[in-house]
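Engineer: here's my sequence, what's the structure:
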Amino acid sequence: MKRVLTIIVAFALSGSINAMEGPTKSVPETATNPEEIREAIDALTDFDNVQSVHFTQLGREIMVLWYNPFFNRPASYVHGYYYDPEEKKWILFFNDFVDGTYGLSAWMPYGTPYVVIYDVNGKQVSTINISKVPRTWKEKTSTTILTSDDIPISFEYKDNDYPITDEMIMNAYTINRNGHINDMMEPDPSVIFKDNESQQIIFINLHANLHRLYISHFYENEIPDELIQIYTSYAKLNDKDIDVKKRIKDLIKNATIIEKEYFTTKRNFRLGMNSKEAISIYGEPTKKIENNNVTKLIWNYDRLVYGKFPRGVKVGVDISEELFNKVGYGFILEITFRDDKANFIYMVNMFP
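Structural biologist: The predicted structure follows:
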């Protein structure tokens with residue numbers, strides 16, 4: 001009799017566990033609109049607890065839904081759909097099961113190829129990679145090369161850096177450093193972005209009000225001396241005895257992953273291009289330094305208080321080195337080439 005009871009109990013437990021393993025019905029693979037998806041998933045649970053978010057960002061449309069079909073278990077199924085503009089339908093591309101929490105939330109950090117899922121305590125519990133999701137618009141490519149004559153007299157640094165937005169910087173700083181806007185006055189406020197495919201890094205050192213004081217663009221395995229010097233200066237200033245290169249590598253480990261398109265400057269220059277292409281875009285450099293197979297081109301652009309060059313002065317010409325050294329503001333661009341292929345772009349954005 002005891003053995004019979006044991007078998008019955010084991011069978012009952014096995015049935016309850018299997019009931020938790022998946023929803024009673026499969027979710028739709030495709031749908032014509034979000035309402036159709038919502039209705040189908042509503043039918044999978046006896047509880048009115050299906051939640052969803054709809055993201056439209058950088059030409060992609062993403063819908064994420066989650067629900068808990070269980071009576072007394074803190075767990076949810078998560079499903080992700082994207083809109084295919086050619087097929088003109090919504091397509092299922094992500095399924096996950098998150099255990100241990102009664103509630104979820106989703107966020108799509110601006111400019112990143114991910115949707116991040118959080119539990120009720122704000123802990124990241126799942127990530128949806130959307131890098132392969134098609135866009136509703138096609139990327140525009142341009143082969144137009146700007147010459148120095150095309151560059152306007154007003155040469156503000158924001159016309160020349162990268163298409164990374166202030167919102168992307170704030171998101172990256174908050175996520176990667178668990179910091180807040182007021183923390184940016186610490187000795188080494190920085191945000192780091194990375195493209196996994198090409199292993200490129202953009203390292204931005206910030207000043208007040210999101211001012212991009214130094215921008216370093218390089219390959220992950222080639223940390224530039226200029227960036228090491230910045231952190232060495234910070235360390236000396238604050239009496240910190242740290243391994244600077246290790247510190248930079250640790251920061252890179254927490255880099256925010258963004259798409260490759262952000263690693264081309266607003267003037268269409270990127271790593272891997274040659275020195276002739278750089279000169280055709282930025283004009284003749286102020287200074288040229290050569291050492292074996294390494295060449296560094298430097299452009300000094302004075303940015304006067306009223307933001308304009310004196311009339312008749314060409315871009316790329318060092319119009320007032322004395323003023324620049326005395327007052328200490330302006331825009332400096334340095335591009336380093338190894339075997340005539342750019343492997344480091346460095347921008348210094350000084351200000352009055």
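Engineer: domains of this protein?
Structural biologist: Domains of the chain are assigned by automatic domain parsing as 19-129, 148-349.
Engineer: for the longest one, what is the average pLDDT?
Structural biologist: In this model, domain 148-349 has a mean pLDDT of 73.
Engineer: and whichever helix or strand residue 94 is part of, which strands flank it?
Structural biologist: Taking DSSP states H and E as the criterion, the element that holds residue 94 is strand 89-99. Its sheet considered, strand 89-99 pairs with strand 30-31 (antiparallel), strand 75-84 (antiparallel) by DSSP bridges.
Engineer: nearest to residue 122, of those strands?
Structural biologist: strand 75-84 (15.8 Å; CB to CB). C-beta here means a position set from N, CA and C on the backbone, and glycine is covered the same way.
Engineer: picking up where we left off before, would you mind finding the most buried of the strands paired with strand 89-99?
Structural biologist: strand 75-84 (a mean of 21; mean count of other CB atoms under 10 Å).
Engineer: restricting to C-alpha, output it in CSV.
Structural biologist: C-alpha atoms of strand 75-84 as CSV (Å, rounded to 0.1, in the frame of the first residue of the first chain):
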residue,chain,number,x,y,z
ALA,A,75,7.9,33.2,-13.6
SER,A,76,7.1,34.6,-17.1
TYR,A,77,7.3,33.7,-20.7
VAL,A,78,8.8,36.4,-22.9
HIS,A,79,8.3,36.7,-26.7
GLY,A,80,9.7,39.2,-29.2
TYR,A,81,8.4,40.2,-32.6
TYR,A,82,9.7,42.5,-35.2
TYR,A,83,8.0,44.1,-38.2
ASP,A,84,9.3,43.1,-41.6
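Engineer: all the helices of the stretch 201-350 of the chain, residue numbers only.
Structural biologist: According to DSSP state H, counting those that start in this stretch, the stretch 201-350 of the chain carries its helices in the segments 225-237, 244-253, 275-282, 321-327.
Engineer: which residues touch residue 251?
Structural biologist: Residue 251 makes contacts with 190, 192, 203, as judged by CB atoms under 8 Å, 6 or more residues apart in numbering.
Engineer: same check, this time on residue 243
Structural biologist: With contact set as CB under 8 Å, 6+ apart, residue 243 has no partners.
Engineer: run a quick neighbour tally on the residue lying closest to residue 288 once chain neighbours are set aside.
Structural biologist: Excluding the flanking residues, the one nearest residue 288 by CB to CB, 6 or more residues apart in numbering is residue 297, at 5.7 Å. Using other CB atoms under 10 Å, residue 297 has 21 other residues around it.
Engineer: partner residues bridging residue 297?
Structural biologist: In this structure, residue 297 bridges to residue 288, residue 335 when assessed by DSSP bridges.
Engineer: all set, thanks.
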